[in-house]
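A.B. asks: pasting the structure only:
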């Protein structure tokens, strides 16, 4: 794999001087086209062997292009705010919006590589982590990003020579650390694991380009030209026509029996037992949230349901039990301008809670496979792939000790009509029924189909959906509190299993 | 000052039960009006004596209103990301946008109060800090925020009783800490300093409301009613008519001699000395940025100038000298949707650098007193007050060991015409001259006046403007690099003074 990058590639000074001015101009030109069209974001990864010139290459790209529209992500120690979120959070924070270029010097490949070389993770876990990276990059590509991945390579001899020459020069001595020498001694191991990693993660959408790092001119020109070519190619291509729905239609049971129909919506809870149960479970939730062990986990609670299903009221019964310092409720409506320039999950990543806290979502990322699907706000291909992307997202949360609790509040079509009419009768503006509510109601069956698909495809063992019979608000609220307590107890190891 | 809050106010259970439902409904109603009109943000501070029920009050406000549209800011230990920015950064991060309510349980009053009580700061510094708070709150009010400040008071006896009763109950024992008892022993000191602080910071726009904290029902009802009344009053008031320009016009020297005219724009630097100087100062800047002491400071560099003054090229000469990991360039254009819902300085606060880094602004907060003033994008009153707000902002940066360097790139009207024409001739799209550029040019004199006022009013000892003769790009770039190096050296204590 690295053979061609050990041939001693070189570019002479004269050639370099002749080629660079035109390259820079073309790069700048492409960058401005990108900025003005705002058609997609560009994600450039600069990875590779220690001291192969990664930092210098990033500097050069910033010099050749307009640094005002480049976001460089440096590899630094994690801040405490980052440590309390899943590992990918730090990269999501720094994703470039459409029209901009993000250069990642510290990449999501560093940690799996190092941990495997150091023997902290075994083959199976390495594969798992690479697989997660593949899914992440695929999502970025599907969301329109152009990903360019460069691997700077040095042969063992070249690396040794490079370390020694850096050390000899008093101006560059500081750049060679003990870790560099330690890594050099592990060269063969690094070589082997890198090769495996690169092989596993070179995809058609985001292939690796391996570049010999020893000659700076060769390295700069190779990378500069590759960036230009990819950018230009993508910019000059006509907007891709909407894909001709290449996916099989979502199949539903041909006998028409759907999961939502199996719910017994007649379930009720009378006032007296409701008052008692509410107090009991709110008390329980309050105790759990103050448990010392709770400081090590966090909770993400998702509330979905038809209009007038009682999401707001249910959320209030949850927050009543909590200290206001420990939660934040995020109502999800249409995305803001900044959010529209990012992958659709970006606006949820930014609201992930720190440890010891609750993030409560009133509607959520499931909008993608509900309203966006039914109303045609995104393409067929977009919402089909969303199921997998959402599962990946939630898996990352759960792996990072976040309890993911998801509620679908189910009411019957008749109950909804009753509630709409009541609200219109009260005429109280806070219950204003809009035309949109009535329009959504007309699509009841489409929504029901979408909900059933959603449940089938995203109710996972680690983040199951809880279907809540919500025709009776008392019953629904108690079931929600009870479920929430149960899942937190399990996470804290306090259930009696 | 606290006399009326030691009278043993009480509200009976019956009265409370009778009044609360209507109050809640009215609060919810006002909250929805606020949300829908998006006219202003609401900032509620809950401060006061330890154990006077601050947390419970915040919980109750969240319960009475819709928690989905409330952002609660808890007082927690500073994260490392917060520690590396000026103290107010953490509050700016959590400011509510228009239409939402932000409740601050940890407020900007905590730290000056505690530090003075503990004897860490003297009277003079306390006054300074309170003065800064006053200016911050005035800015928020001027930007349209409704600020409600509540101080929960307990007499010494009440506090003692409260601490003891909390301690007796096993369910609330955890809430009483050693610090609480330590503070109780300092009751008189706290009392004295609090009184002084409250007196100094009760303004017409944002007065304190002191509430006796011992009876929960009294406390809740008082605060609930006060929130409702203020909200309702503001919501029901007609939109304030544009102020009749109550400020004196900005005076300019009646002889027409302006600071910009004193510049010798004929200054030039030939190619050979330019190349030598550029290399010299870029090298110097590079060394400074790698100095171990640099990790303790940060740099904010502002580039302003007329169209075609050469800001982009100058910025590139600076970034060339730096490691791409250590800087970020923020080009400032019109604000995004999220930014428009916040005070105008918010979008700059969010880009403040961590320690050891550069934040470079291509145009900046000075847009307020330049383009917004000249084009009438904000009112006369808005840009007049901006001078002071900007000085406050920069003072906070400098106090937090940030080097603030500000460049005005000055070119003559003739030089601008020449550059416009050249750009049109090249016809290269990246130098596209828009109609707007020509329109701005027509307002040359207005802009020049605005620039001169800006320099007079915001060139301070701690953050001076550097006027750069920029008809000759070589001269300008070297002067900029040299100035930047000089100011960093001074900050690092490396200048030879």
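C.D. replies: Received the coordinates, thanks. It should be emphasised that the depicted structure is a prediction, and the values quoted were computed from it without experimental measurement. Residues are numbered from 1 along each chain as shown, chains lettered A, B, ... in the order given.
A.B. asks: can you pull the buried residues of the helix or strand of chain A with the lowest mean pLDDT?
C.D. replies: Within chain A, judged by mean pLDDT, DSSP states H and E, the helix or strand with the poorest mean is helix A:435-442; its value is a mean of 85. Neighbour-count burial for helix A:435-442, counted by 16 or more other CB atoms under 10 Å in any protein chain shown, picks out A:440-441. Yep, even glycine has a C-beta here, placed from its N, CA and C like the rest.
A.B. asks: so which elements touch that helix?
C.D. replies: Judged by 3 or more CB pairs under 8 Å, 6 or more residues apart in numbering or on different chains; DSSP states H and E, the packing partners of helix A:435-442 are helix A:413-426.
A.B. asks: list the buried residues of the longest helix along chain A.
C.D. replies: The residue-count maximum for a helix in chain A (DSSP state H) belongs to helix A:13-37. Neighbour-count burial for helix A:13-37, counted by 16+ other CB under 10 Å, picks out A:16, A:23-24, A:26-35.
A.B. asks: return only those of the residues you listed found close to chain B.
C.D. replies: The subset of those within reach of chain B, by CB under 8 Å from any CB of the partner chain, is A:28-29, A:32-33.
A.B. asks: which one of these sits closest to residue B:225?
C.D. replies: residue A:32 (57.6 Å; CB to CB).
A.B. asks: picking that back up, mind picking the two most distant members of the ones next to chain B among the buried residues of helix A:13-37?
C.D. replies: Largest separation among these by CB to CB: A:28 and A:33, giving 9.8 Å.
A.B. asks: of the ones next to chain B among the buried residues of helix A:13-37, which is the nearest to residue A:58?
C.D. replies: Relative to residue A:58, the closest of those is residue A:28; by CB to CB it sits at 16.8 Å.
A.B. asks: helices of the stretch 201-350 of chain A, start to end?
C.D. replies: Secondary structure of the stretch 201-350 of chain A (DSSP state H, counting those that start in this stretch): helices at A:216-236, A:271-289, A:311-319, A:337-340, A:346-349.
A.B. asks: for residue B:418, which of these is the nearest?
C.D. replies: Comparing the helices of the stretch 201-350 of chain A against residue B:418 with CB to CB, the closest turns out to be helix A:216-236 (31.2 Å).
A.B. asks: buried residues in the closest one, which are they?
C.D. replies: Judged by neighbour count using 16+ other CB under 10 Å, the buried positions of helix A:216-236 are A:217-224, A:227-228, A:230-232, A:235.
A.B. asks: export those to JSON lines and tack on pLDDT?
C.D. replies: As requested, the buried residues of helix A:216-236 are exported to JSON lines (pLDDT from 0 to 100):
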{"residue": "A:217", "pLDDT": "95"}
{"residue": "A:218", "pLDDT": "95"}
{"residue": "A:219", "pLDDT": "95"}
{"residue": "A:220", "pLDDT": "96"}
{"residue": "A:221", "pLDDT": "96"}
{"residue": "A:222", "pLDDT": "96"}
{"residue": "A:223", "pLDDT": "96"}
{"residue": "A:224", "pLDDT": "96"}
{"residue": "A:227", "pLDDT": "97"}
{"residue": "A:228", "pLDDT": "97"}
{"residue": "A:230", "pLDDT": "95"}
{"residue": "A:231", "pLDDT": "96"}
{"residue": "A:232", "pLDDT": "95"}
{"residue": "A:235", "pLDDT": "94"}
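A.B. asks: got the residues you listed as JSON lines, with distance to residue A:182 columns?
C.D. replies: Below are the buried residues of helix A:216-236 laid out as JSON lines (distance: CB to CB, whole Å):
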{"residue": "A:217", "distance to residue A:182": "30"}
{"residue": "A:218", "distance to residue A:182": "28"}
{"residue": "A:219", "distance to residue A:182": "24"}
{"residue": "A:220", "distance to residue A:182": "28"}
{"residue": "A:221", "distance to residue A:182": "32"}
{"residue": "A:222", "distance to residue A:182": "29"}
{"residue": "A:223", "distance to residue A:182": "27"}
{"residue": "A:224", "distance to residue A:182": "32"}
{"residue": "A:227", "distance to residue A:182": "32"}
{"residue": "A:228", "distance to residue A:182": "37"}
{"residue": "A:230", "distance to residue A:182": "35"}
{"residue": "A:231", "distance to residue A:182": "37"}
{"residue": "A:232", "distance to residue A:182": "41"}
{"residue": "A:235", "distance to residue A:182": "43"}
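A.B. asks: quick one: the closest residue to residue A:26 other than its chain neighbours from residue B:228, how far?
C.D. replies: Distances taken as CB to CB, 6 or more residues apart in numbering or on different chains place residue A:228 nearest to residue A:26, at 5.5 Å, with adjacent residues excluded. For residue A:228, the distance to residue B:228 (CB to CB, to the nearest Å) stands at 62 Å.
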